[in-house]
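**Student:** following is a predicted model, sequence given first.
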Amino acid sequence: MKTTTMKSTSTIMTWQVSKIVLLLLLSSTLAFQPAFPTTTRNNPLLKKQALSSSASIQYVSSHSSSTLMNSRRTPEGDGDIDTDTVGATNDNFILENFENQNIEQLELKDHNNDSNGNSGNLNLNAVTDVSDGQVIGPAHVLVYDTSLRDGTQGESVSVSCDDKLKIASRLSSFDVDYIEAGWPGSNPKDAEFFHRAKTELSEETRSKLVAFGSTRRKRILAKDDAQIKALVDSGAPTICMVAKGHKWQVTDIIRATPQENLDMITDSVSYLVSLGKTVFVDLEHFFDGYKFDEEYTMSCCQAAVDAGAKGLVLCDTNGGSMPWEVGTITSKVVERFDATVGMHAHNDCGMAVANSITAAQNGAGLIQGTINGIGERTGNADLCSIVPSLALHVNSKMSCVQNLQNITSLSRFVDETMNRKPDSAAPFVGASAFAHKGGLHVAAMERSPMSYQHIDPSLVGNKKRVLISELSGRQNIMGKIKDLGGIDYISDDVASERAIAILNRVKRLESIGYTFEGAEASVDIMILHATKGYCPPFTVLDYSAQVFDGDLDPAFRTLLHDTESGRKRKERFGARARATVNVRTLGSWSGDGEENEDENSLFSDRLEVSDGNGPVDALAKAMKRALVPSYPIVSALELIDYKVRILDPESATAAATRVMIEFRDKESEKTWTTVSVDRNVISASLNALVDGFEYALIEHASECNLCDDFFE
């Protein structure tokens, strides 16, 4: 990027810099210091469980850390288990990745050793197929996504068939093991999905699909049940079948005898297995049923396993189980049956993620959940929390672990496709997951990023954010400058002094109603304008906005008389706005956007007029018209959100107004937000517009303009 000085005598000097924001105060690199030692955690419960179930678990050692490499049930003999390494947090792995800062080469280092201790690639194939035997957690965990089935039962969650196909493809790319795509026997949309999936999804994605259904009805054979037939016709290689696992639910809800329910499980599973299907059984109300009648609930598991089910999924359907209950009961099921045990948790007590990880820690080898925890009532277990936790804190083998850096983008893709607003506070993937506001926290992180972060955000595709607010300290500003990129043009003392001045301005502005936490683009602009030598790419010299209305009838009358004549009258006499802006840009430009050769002409003034639906819309259009000839990239910008909040309603029409505007670059899909406060809502809106356009031009700048005072 070249840098041009703007002097009236126009002596042009060129400075090689990498970005406009490299003019900011200073630059330095963060020195990382490990914040915690390598540790291991004992798990006597899993040791007891594995010993009592005749499990053989093999461990190998690489350097100083022992790692769980293989977990399999053997037909005879007791296995010797080193309890110091079961479920251990591989802290070496986290620290090494902090130091390397290379997410593209994310590997579970201590897993990448063969039985002889030699380094090699992580072998994920062993954990992706339940046909080879029981998968036991936490060493191996299969990831089972049910966003497209159970997730869509959440309030305000609805997806079209086209959207389901897109999400299924994205989940497959992330490499989840199973994608429960719907219940083909319950609604036309899901039936359409499985029909289109046969030709519109890749072979790899189709191999992961699961069709969901229920056991056959009472007093009918499985081969004659229409719902079972729909499961077969779906073409999905795996069937997940819900069955009652609670004796009271059997007798009082579906009005069947306990034996009838067992027969329904046996007949349904054995029929599907005879057709070559892999069958999982979702045991509904399992934990409540176990506490109600342990013997009967276990008999339901036995019926499913005897009929050929490869997986027993234990469902906390009402979401009322506690982690210690889940751990104890899960370990007993893992100990008793040869099938892979799964966990399906609901979040009614806020325990879905904790219960899922506890189940895995106690031997469950399959975890069901949804992206972003969507689902009925308060939602399902959130895979966006479970997968990173198991990968980075429990050190579990999962097929998708090598794509972990894509989990944040997956989370946002699903939200966008489902037309949901992302949860900014979501662990790992939320915009605020690694956001730091307190001055003491930010100061500590200057010494070590691990002082207030449990992982490197880049491991999950997220990023650290330093928030600017009245609670900030000097290091918040300095951290923001470093995040933007700086260059050491001035001394540390001067840089610190200017950072304090900026911080004081932030605190003063927030005291009158500004909020910068959700408007980081305005913070960047503020820092630039406080930087010696910075020249903004344009300046608004003056503006005006007018509203014309020839139809002063109340709005409801217009709506009630929405006839053809009424619409024509509205078009002719209705309210409309017109804005005029006078903008000065740096450099001299011709009408086609080409720079003129006249070096003595340093500025170009443009006066533009535009109509709009309202004064703010008209101002935005006029601003774009004035800037596009000099900066064509502005044509790709659009306003996607406009929020107004009255800060002191007791002042009535003289109240201060806060305006926040969100912009998007249609080419890069990047978004940013600006903020302004004024007692004139039009002025507040224009200031936010100016910040938004200026931020976009800085991000796309090919050259940086330095004013006279930069060299003084």
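**Tutor:** Yes, it's here. Numbers count the residues shown, from 1 in each chain.
**Student:** contacts and neighbour counts: CA atoms only from here.
**Tutor:** OK.
**Student:** which pLDDT value belongs to residue 660?
**Tutor:** As predicted, residue 660 sits at a pLDDT of 86.
**Student:** what about it, distance to residue 578?
**Tutor:** 22 Å (CA to CA, to the nearest Å).
**Student:** do residue 436 as well
**Tutor:** 42 Å.
**Student:** residue 654 now?
**Tutor:** Residue 654 sits 23 Å away from residue 578, going by CA to CA.
**Student:** who's more crowded, these two?
**Tutor:** The neighbour count for residue 654 versus residue 578, taken as other CA atoms under 10 Å, is higher for residue 578 (22 against 13).
**Student:** so what's that one up against?
**Tutor:** The contact partners of residue 578, by CA atoms under 8 Å, 6 or more residues apart in numbering, come to 545-547, 609-612, 614-615, 618-619.
**Student:** show me where the stretch 251-400 of the chain has its helices.
**Tutor:** For the stretch 251-400 of the chain, the helices defined by DSSP state H, counting those that start in this stretch occupy 258-274, 286-292, 294-306, 323-336, 352-361, 383-389.
**Student:** now for those helices, which one comes closest to residue 691?
**Tutor:** Nearest to residue 691 among the helices of the stretch 251-400 of the chain is helix 383-389; the distance by CA to CA comes to 34.1 Å.
**Student:** pLDDT of the closest one, averaged?
**Tutor:** 96.
**Student:** continuing past that helix, what's the next helix or strand?
**Tutor:** As assigned by DSSP states H and E, the chain's next helix or strand after helix 383-389 is helix 407-417.
**Student:** by contact count, what packs against that next one?
**Tutor:** Packing contacts for helix 407-417, counted by 3 or more CA pairs under 8 Å, 6 or more residues apart in numbering; DSSP states H and E, involve helix 161-174, helix 383-389.
**Student:** between the first one and helix 407-417, how many degrees?
**Tutor:** Same thing as helix 161-174. Per axes from the mean of the first three to the mean of the last three CA atoms, to 10 degrees, the angle that helix 161-174 makes with helix 407-417 is 180 degrees.
**Student:** mind listing what's buried in helix 161-174?
**Tutor:** Under the neighbour-count criterion of 16 or more other CA atoms under 10 Å, helix 161-174 has 161, 163-172, 174 buried.
**Student:** which SS class is the residue nearest to residue 164 when sequence neighbours are not counted?
**Tutor:** Leaving out its chain neighbours, the residue that sits closest to residue 164 by CA to CA, 6 or more residues apart in numbering is residue 148, at 6.6 Å. The three-state assignment at residue 148 reads coil, by DSSP: H, G, I helix; E, B strand; the rest coil.
**Student:** swap in residue 610?
**Tutor:** Judged by three-state DSSP, the three-state class of residue 610 is strand.
**Student:** gap between it and residue 583?
**Tutor:** Distance of residue 610 to residue 583, given as CA to CA: 14 Å.
**Student:** now do residue 154
**Tutor:** For residue 154, the distance to residue 583 - CA to CA - is 49 Å.
**Student:** go on, residue 332?
**Tutor:** Plainly put, residue 332 is 74 Å away from residue 583 if you go by CA to CA.
**Student:** wait, residue 383 touches residue 374, no?
**Tutor:** No - Residue 383 lies out of contact with residue 374 (CA atoms under 8 Å); the separation is 9.9 Å.
**Student:** one step back: winner for burial among the helices of the stretch 251-400 of the chain?
**Tutor:** Most buried of the helices of the stretch 251-400 of the chain by mean neighbour count (mean count of other CA atoms under 10 Å) is helix 352-361; its value is a mean of 27.
**Student:** do me a favour and average the pLDDT over it.
**Tutor:** Average pLDDT, helix 352-361: 97.
**Student:** for that helix, give me every contacting residue.
**Tutor:** Helix 352-361 has contacts (CA under 8 Å, 6+ apart) with 46, 87, 136-138, 141, 319, 321-324, 326-327, 330-331, 343-347, 366-367, 380-382, 385-386, 390.
**Student:** point out where the stretch 301-450 of the chain drops to low pLDDT.
**Tutor:** 437-446 (pLDDT under 70).
**Student:** recalculate using a threshold of 50.
**Tutor:** Within the stretch 301-450 of the chain, not a single segment meets pLDDT under 50.
**Student:** please apply the same query to the stretch 501-650 of the chain.
**Tutor:** Applying pLDDT under 50 to the stretch 501-650 of the chain flags the ranges 560, 588-598.
**Student:** run the last query once more with 70
**Tutor:** 501-519, 522, 529-533, 550-575, 587-601.
**Student:** what ranges do the helices span in it?
**Tutor:** Here the stretch 501-650 of the chain has its helices, by DSSP H, counting those that start in this stretch, at 520-529, 555-560, 564-573, 615-627.
**Student:** between the contacts of residue 578, which is closest to residue 452?
**Tutor:** Once CA to CA is applied, the member of these that ends up nearest residue 452 is residue 619, at 43.1 Å.
**Student:** who touches the closest one in this structure?
**Tutor:** Contact analysis of residue 619 by CA under 8 Å, 6+ apart lists 545, 578-581, 610, 612, 686.
**Student:** any of those buried? List them.
**Tutor:** Neighbour-count burial (16+ other CA under 10 Å) applied to the contacts of residue 619 gives 545, 578-581, 610, 612, 686.
**Student:** could you single out the nearest of those residues to residue 267?
**Tutor:** Checking these against residue 267 by CA to CA gives residue 612 as the nearest, at 67.1 Å.
**Student:** ok, what's across the strand from the closest one?
**Tutor:** Beta bridges link residue 612 to residue 577, judged by DSSP bridges.
**Student:** next, the contact list for it, please.
**Tutor:** 576-578, 618-619, 621.
**Student:** kindly report the same for residue 385.
**Tutor:** Going by CA under 8 Å, 6+ apart, residue 385 touches 353, 427-428.
**Student:** just give me the neighbour total for the residue nearest to residue 157 when sequence neighbours are not counted.
**Tutor:** Closest residue to residue 157 apart from its sequence neighbours, by CA to CA, 6+ apart: residue 418 at 6.6 Å. Other residues within reach of residue 418 by the criterion other CA under 10 Å amount to 18.
**Student:** residue 418 contacts residue 156, correct?
**Tutor:** No - Residue 418 lies out of contact with residue 156 (CA under 8 Å); the separation is 9.2 Å.
**Student:** ok, the residue nearest to residue 656 when sequence neighbours are not counted to residue 391 distance?
**Tutor:** Nearest non-adjacent residue to residue 656, counting by CA to CA, 6+ apart: residue 679, 4.1 Å away. Counting by CA to CA, the gap from residue 679 to residue 391 is 51 Å.
**Student:** residue 464 now?
**Tutor:** 20 Å.
**Student:** more neighbours, those two?
**Tutor:** Neighbour count, other CA under 10 Å: between residue 464 and residue 391, residue 391 has more, with 21 against 17.
**Student:** can I get the contacts of residue 578 in TSV with distance to residue 295?
**Tutor:** Shown next, in TSV, are these (distance: CA to CA, whole Å):
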residue	distance to residue 295
545	77
546	78
547	76
609	80
610	77
611	75
612	72
614	70
615	72
618	72
619	72
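**Student:** nearest to residue 206 among those residues?
**Tutor:** For those, the nearest to residue 206 is residue 612 (49.0 Å; CA to CA).
**Student:** show me the contacts for residue 369.
**Tutor:** When the contact criterion is CA under 8 Å, 6+ apart, the partners of residue 369 are 144-147, 344-345, 380-383.
**Student:** what do you get if the cut-off is 6 Å, keeping everything else the same?
**Tutor:** Applying CA atoms under 6 Å, 6 or more residues apart in numbering, we find residue 369 in contact with 145-146, 380-383.
**Student:** surely residue 636 touches residue 666?
**Tutor:** Yes - proximity of residue 636 to residue 666 meets the contact threshold set by CA atoms under 6 Å, at 5.5 Å.
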